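*Asks:* could you look at this predicted model? Sequence included:
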Amino acid sequence: MPTRKPEQIRQSVQSTREDLTSTLNELQVKVNELTDWRSQLVANRQTVLVGAAAAGFLIGGGLAATIGLFRRRR
């Protein structure tokens, strides 16, 4: 294995730092995009509304059924 000169090692380390900095910045941008729930909500508005309506019917029906069971037991 050929030996490298100190200047070559410094350049390699500097290049690696720059690559890591760039990669970390890109990753931070992607994480910010993925965790921005408001923009996700706006982008998927119809799906969210359908899901909320379905959850409302299920919860409402479950509560009505539970209350109905308790009333019958009296």
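*Replies:* All right, it came through fine.

*Asks:* need the next SSE after the host helix or strand of Q8, C-terminal direction.
*Replies:* Using DSSP states H and E, Q8 maps to helix 6-35. The helix or strand immediately downstream of helix 6-35 is helix 37-43, counting by DSSP H and E.

*Asks:* and the next helix or strand past that following helix?
*Replies:* Under the assignment DSSP H and E, the closest C-terminal helix or strand after helix 37-43 is helix 45-73.

*Asks:* could you give the average pLDDT over that following helix?
*Replies:* Averaging pLDDT along helix 45-73 gives 89.

*Asks:* what's the answer for stretch 13-26, then?
*Replies:* Across stretch 13-26, the average pLDDT comes to 97.

*Asks:* for stretch 44-56, which outside residues touch it?
*Replies:* L41 (Cβ atoms under 8 Å, 6 or more residues apart in numbering). Quick note: C-beta positions are derived from backbone N, CA and C, even for glycine.

*Asks:* run the chain-centre distance for that stretch.
*Replies:* 19 Å (Cα atoms, centre = their mean, to the nearest Å).

*Asks:* again with stretch 67-74
*Replies:* 42 Å.

*Asks:* check stretch 2-12 too.
*Replies:* Taking mean C-alpha positions (Cα atoms, centre = their mean), stretch 2-12 and its chain are 41 Å apart.

*Asks:* start the count at 35, not 1, going forward
*Replies:* All set: I'll call the first residue 35, so the last point we hit is now stretch 36-46.

*Asks:* how far off centre is stretch 43-61?
*Replies:* 26 Å.

*Asks:* just the CA atoms of it, as PDB, please.
*Replies:* What follows is stretch 43-61, C-alpha atoms only, in PDB (Å, rounded to 0.1, in the frame of the first residue of the first chain):
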ATOM      1  CA  ILE A  43      -4.400  13.100   3.900                       C
ATOM      2  CA  ARG A  44      -5.500  16.700   4.800                       C
ATOM      3  CA  GLN A  45      -7.200  17.100   1.400                       C
ATOM      4  CA  SER A  46      -8.900  13.800   1.800                       C
ATOM      5  CA  VAL A  47     -10.200  14.700   5.300                       C
ATOM      6  CA  GLN A  48     -11.400  18.100   4.000                       C
ATOM      7  CA  SER A  49     -13.200  16.500   1.100                       C
ATOM      8  CA  THR A  50     -14.900  14.000   3.400                       C
ATOM      9  CA  ARG A  51     -16.000  16.800   5.700                       C
ATOM     10  CA  GLU A  52     -17.500  18.700   2.800                       C
ATOM     11  CA  ASP A  53     -19.300  15.600   1.600                       C
ATOM     12  CA  LEU A  54     -20.600  14.900   5.100                       C
ATOM     13  CA  THR A  55     -21.800  18.500   5.500                       C
ATOM     14  CA  SER A  56     -23.600  18.400   2.200                       C
ATOM     15  CA  THR A  57     -25.200  15.000   3.000                       C
ATOM     16  CA  LEU A  58     -26.300  16.200   6.500                       C
ATOM     17  CA  ASN A  59     -27.900  19.300   5.100                       C
ATOM     18  CA  GLU A  60     -29.800  17.300   2.500                       C
ATOM     19  CA  LEU A  61     -30.900  14.900   5.200                       C
END
